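J.: sequence and computational prediction follow.
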Number of protein chains: 2
Amino acid sequence: MGAALALGERGRGRTAPNPNVGCVIVAEGRVVGRGWTQPGGRPHAEAMALAEAGDKSRGATVYTTLEPCAHVSVRGPACSDLLQLANVARVVIALGDPDPRTDGSGVARLRAAGIAVDVGPCAAEARSAMAGFLTRRALGRPHVTLKLAVSLDGATALGSGLSKWITGAAARAHAHLERARHEAILVGCGTIEADAPALDVRLAGLEPRAPRRIVLSQTASEGWERIATPHAIATLAGVDYLLVEGGATTAAAFLSADLVDRLLLYRAPIMVGGGRTLPDIGLTGLTDAHGRWHISDARTLGSDRLEVYERVRDSAVPAKVATGFAPGDGGKG
Amino acid sequence: MGAALALGERGRGRTAPNPNVGCVIVAEGRVVGRGWTQPGGRPHAEAMALAEAGDKSRGATVYTTLEPCAHVSVRGPACSDLLQLANVARVVIALGDPDPRTDGSGVARLRAAGIAVDVGPCAAEARSAMAGFLTRRALGRPHVTLKLAVSLDGATALGSGLSKWITGAAARAHAHLERARHEAILVGCGTIEADAPALDVRLAGLEPRAPRRIVLSQTASEGWERIATPHAIATLAGVDYLLVEGGATTAAAFLSADLVDRLLLYRAPIMVGGGRTLPDIGLTGLTDAHGRWHISDARTLGSDRLEVYERVRDSAVPAKVATGFAPGDGGKG
């Protein structure tokens, strides 16, 4: 399942409105098929893995990160039917598909066909790996990652506004890799005026992965998609993973709206003093600040340090957006 | 030598103007004596270890973190003489003593007496373990540790000034342990007015280790020692380890003067926004900010994280203070 999750990562930021699923088929102790959801959402991971496995899928075990779909689409057959036709013996599934067209009926169809089914291994990892699809399903908006590059004292720039460079080359390269894992990047209009950022992916071989560029602004900017408020991210069709890159005002707007799910904190071992820091995010007391974030990853990048925090959400009270979300294709469509 | 260094830590913050040395004596594969510099600086570590070893020191190997002293003082005999009288076979020394009364002559006396001497093992660790004594020797001022408790966005308090509590109980307990490792704690007059801090050591068994309390202020405060400028720390007799506890203005004053050797950064996984952050420290560009700090330790404390940074100093250009340092007793006096 770890291998299937790793394959699924290849589709991250490219499969909306479909989930970035990964699939591995094992026969007689050997991997005979591997698949991941392709750009745009089709073919599905299972279809790709079955095509590679061919006749070897007979009697094989299939590991897939999400429940195989149960619905036939104009874009392709249902994966639960394909698995049955391929005469696989067993299907191991990390996570059930919340899409109402599947939601348990994928498993039911497989079992009705005499295929053994296990659900649950690596469920938490799968939830994290397909956060974009699941956030869109549960909250009606993209999964939002906020990137901040800061000094030890929290400065995102000098008092003068200069921010080139807080972090070093390795941290900046990692931030470019993160861009390639998102369908869109959003910045504030202040950042456009100050830096005119290209927001491209300057990593060899990944240049074509440059995401859509969106600005949070009251007025249009040539060559940029625009939204007027953070909550309007719900209307961004085809965006399940959104990266918010700043500046500090834009970061604060998303934090105030409680629309940040994941925080990428690139930290340089420098003290700035009197620098630009995060403005008000509507906090009324320190008690409210605690318990909202937990660290999920940390690594050294040159002399800098990356910490990844995830928003702790009480699943009973999701930060559901109130504005104009149209259901669209969704699911493993 | 690791054991000797650990023993030396027991004296940290209590032995000024003497270094906090540790000593272990090994005979026939067994530890027969252990010693560390006692509060106030005497007895020395070697004298204490030799007293414990008694006759067993004959032919033994002595591990000591600093070169044994070569000068007789009214407070006790020279350790190099004591070692000779005890008929030890070998002395292993981490670091030479920069005190001009010893500075190589301790080693010379031992060798002249037919004792084998090695110098150098764990020299870097010894340098760090006796930073107070060495900083006083090299720069004429105490070794300064700055403690900051911050949110992920660098806030030391809410915009309103409220700072209870940024960090949790485990981090605060660790900060109290650090107090016990310093001869004095310094805060700004704003902190006294706002919090009236006790600056005591609220850890069971360590209450008597509460350090001297010093305020950075232009005016006297009842019950507090006072200095008017950061550079005046040089005049604090009997203080080789100084802990600066804030607030942000005081922290900035010490950073501006380049008088911070070690930074204790207690970080809570919270975002504050619009909080109090470090004011100007005289930085003119981001290039100047880089290369000044390297991380030397990091650990998790409850849900918080402690990072320790050390100032990278070009030894050719020390941040020597210019004002009134009186040499005093010094050395292993």
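T.: Everything's here; your move.

J.: can you name the residue of the stretch 51-200 of chain A nearest to chain B?
T.: residue A:154 (1.7 Å; CB to the nearest CB). Where you see a C-beta, it was placed from the backbone N, CA and C, and this is true even at glycine.

J.: touching, that residue and residue B:248? I think so.
T.: No: under the criterion of CB atoms under 8 Å, residue A:154 is not in contact with residue B:248, lying 11.1 Å apart.

J.: who has more neighbours out of these two?
T.: Using other CB atoms under 10 Å in any protein chain shown as the criterion, residue A:154 and residue B:248 rank with residue A:154 on top: 28 against 24.

J.: sorry, back to before: ok, now which ones touch the residue of the stretch 51-200 of chain A closest to chain B?
T.: Applying CB atoms under 8 Å, 6 or more residues apart in numbering or on different chains to residue A:154 gives the contacts A:275, A:277, A:278, B:150, B:151, B:152, B:153, B:154, B:155, B:277, B:278.

J.: how many neighbours does the third one have?
T.: This means residue A:278. Residue A:278: 27 neighbours (other CB under 10 Å).

J.: between residue A:154 and residue B:248, what contacts are shared?
T.: When CB under 8 Å, 6+ apart defines a contact, the residues bordering residue A:154 and residue B:248 alike are B:277, B:278.

J.: how about the helices in chain A?
T.: Listed in chain order, the helices of chain A (DSSP state H) span A:2-9, A:45-53, A:79-85, A:105-112, A:123-129, A:131-139, A:169-179, A:189-195, A:248-256, A:286-289.

J.: could you say what helices and strands the helix or strand of chain A with the lowest mean pLDDT packs with?
T.: Sorting the helices and strands of chain A by mean pLDDT, DSSP states H and E puts helix A:189-195 at the bottom, at a mean of 81. On a contact count with 3 or more CB pairs under 8 Å, 6 or more residues apart in numbering or on different chains; DSSP states H and E, helix A:189-195 meets strand A:212-216, helix A:248-256.

J.: apart from its chain neighbours, what residue comes closest to residue A:223?
T.: Of all residues not flanking residue A:223 in the chain, residue A:213 sits nearest, at 7.5 Å (CB to CB, 6 or more residues apart in numbering or on different chains).

J.: contacts only, for the one you found.
T.: By CB under 8 Å, 6+ apart, the contact set of residue A:213 is A:184, A:185, A:187, A:199, A:223, A:224, A:225.

J.: just give me the neighbour total for the residue nearest to the third one when sequence neighbours are not counted.
T.: Distances taken as CB to CB, 6+ apart place residue A:245 nearest to residue A:187, at 5.2 Å, with adjacent residues excluded. By other CB under 10 Å, 24 other residues sit near residue A:245.

J.: go on, residue A:20?
T.: A count of nearby residues for residue A:20, using other CB under 10 Å, gives 30.

J.: surely it is in contact with residue A:36?
T.: Yes: contact criterion CB under 8 Å: residue A:20 and residue A:36 qualify, at 7.0 Å.

J.: CA atoms only for stretch A:15-32, dumped as CSV, please.
T.: The C-alpha trace of stretch A:15-32 is given here as CSV (Å, rounded to 0.1, in the frame of the first residue of the first chain):
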residue,chain,number,x,y,z
THR,A,15,-6.2,15.0,-11.5
ALA,A,16,-9.0,17.4,-10.3
PRO,A,17,-11.9,16.9,-10.1
ASN,A,18,-10.8,13.3,-9.6
PRO,A,19,-8.7,11.9,-6.7
ASN,A,20,-5.0,11.1,-7.2
VAL,A,21,-5.3,7.4,-6.6
GLY,A,22,-2.4,4.9,-6.8
CYS,A,23,-2.6,1.1,-7.5
VAL,A,24,-0.3,-1.8,-7.4
ILE,A,25,-1.1,-5.4,-8.6
VAL,A,26,0.8,-8.3,-7.1
ALA,A,27,0.8,-11.9,-8.5
GLU,A,28,2.8,-14.7,-7.0
GLY,A,29,4.9,-12.2,-5.0
ARG,A,30,5.8,-10.0,-7.9
VAL,A,31,4.5,-6.6,-8.9
VAL,A,32,2.8,-7.1,-12.3
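
J.: report the buried residues of that stretch.
T.: A:15-27, A:31-32 (16 or more other CB atoms under 10 Å in any protein chain shown).

J.: and for stretch A:196-212?
T.: Within stretch A:196-212, the residues that count as buried by 16+ other CB under 10 Å are A:199, A:200, A:201, A:209, A:210, A:211, A:212.

J.: let's have these in TSV, adding distance to chain B and pLDDT.
T.: Supplementary listing: the buried residues of stretch A:196-212 in TSV, determined by distance: CB to the nearest CB, whole Å; pLDDT from 0 to 100:
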residue	distance to chain B	pLDDT
A:199	21	83
A:200	23	84
A:201	24	84
A:209	28	80
A:210	27	83
A:211	24	89
A:212	26	92
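
J.: which of the residues you listed lies closest to residue A:294?
T.: Proximity of the buried residues of stretch A:196-212 to residue A:294 (CB to CB) peaks at residue A:211, which lies at 26.5 Å.

J.: who are the contact partners of that closest one?
T.: For residue A:211, the contacting residues are A:13, A:179, A:180, A:182, A:183, A:184, A:185, A:199, A:201, A:243, by CB under 8 Å, 6+ apart.

J.: looking at those residues, which are in strands?
T.: A:184, A:185, A:243 (DSSP state E).

J.: top of those residues by neighbour count?
T.: residue A:243 (28 neighbours).

J.: how far away is that residue from chain B?
T.: From residue A:243 across to chain B, the span is 17 Å (CB to the nearest CB, to the nearest Å).

J.: which ones are touching that residue?
T.: Residue A:243 neighbours (CB under 8 Å, 6+ apart): A:145, A:147, A:178, A:179, A:182, A:184, A:185, A:186, A:211.

J.: and the stretch 51-200 of chain A, which of its residues are near chain B?
T.: Counting by CB under 8 Å from any CB of the partner chain, the stretch 51-200 of chain A comes close to chain B at A:148, A:150-155, A:158-159, A:162-166.

J.: rerun that using 10 Å as the cut-off
T.: Counting by CB under 10 Å from any CB of the partner chain, the stretch 51-200 of chain A comes close to chain B at A:146, A:148, A:150-160, A:162-168.

J.: could you flag which of these are buried?
T.: Burial by neighbour count, judged by 16+ other CB under 10 Å, picks out A:146, A:148, A:150-158, A:163, A:166-168 from those.

J.: which one among the buried residues of stretch A:196-212 gets closest to residue B:260?
T.: Nearest to residue B:260 among those: residue A:199, at 37.2 Å, using CB to CB.

J.: hmm, residue A:186 and that closest one touching each other?
T.: Yes: between residue A:199 and residue A:186 there is a contact at 9.3 Å, judged by CB atoms under 10 Å.

J.: identify the contacts common to those two.
T.: Common neighbours of residue A:199 and residue A:186, counting by CB atoms under 10 Å, 6 or more residues apart in numbering or on different chains, are A:211, A:212, A:213, A:214, A:224, A:243, A:245.

J.: ok, the first one to residue A:233 distance?
T.: Remark: distance between residue A:211 and residue A:233 (CB to CB, to the nearest Å) = 14 Å.

J.: which residues do those two both contact?
T.: With CB under 10 Å, 6+ apart, residue A:211 and residue A:233 have common neighbours A:184, A:186, A:239, A:242.

J.: the third one touches residue A:184, doesn't it?
T.: So that's residue A:239. Yes: between residue A:239 and residue A:184 a contact is recorded at 4.5 Å, counting by CB under 10 Å.

J.: now do the shared contacts for these two.
T.: A:13, A:16, A:142, A:211, A:212, A:214, A:225, A:233.

J.: and the second one, what's its pLDDT?
T.: Yep, that's residue A:16 we're talking about. Looking at residue A:16, its pLDDT reads 93.
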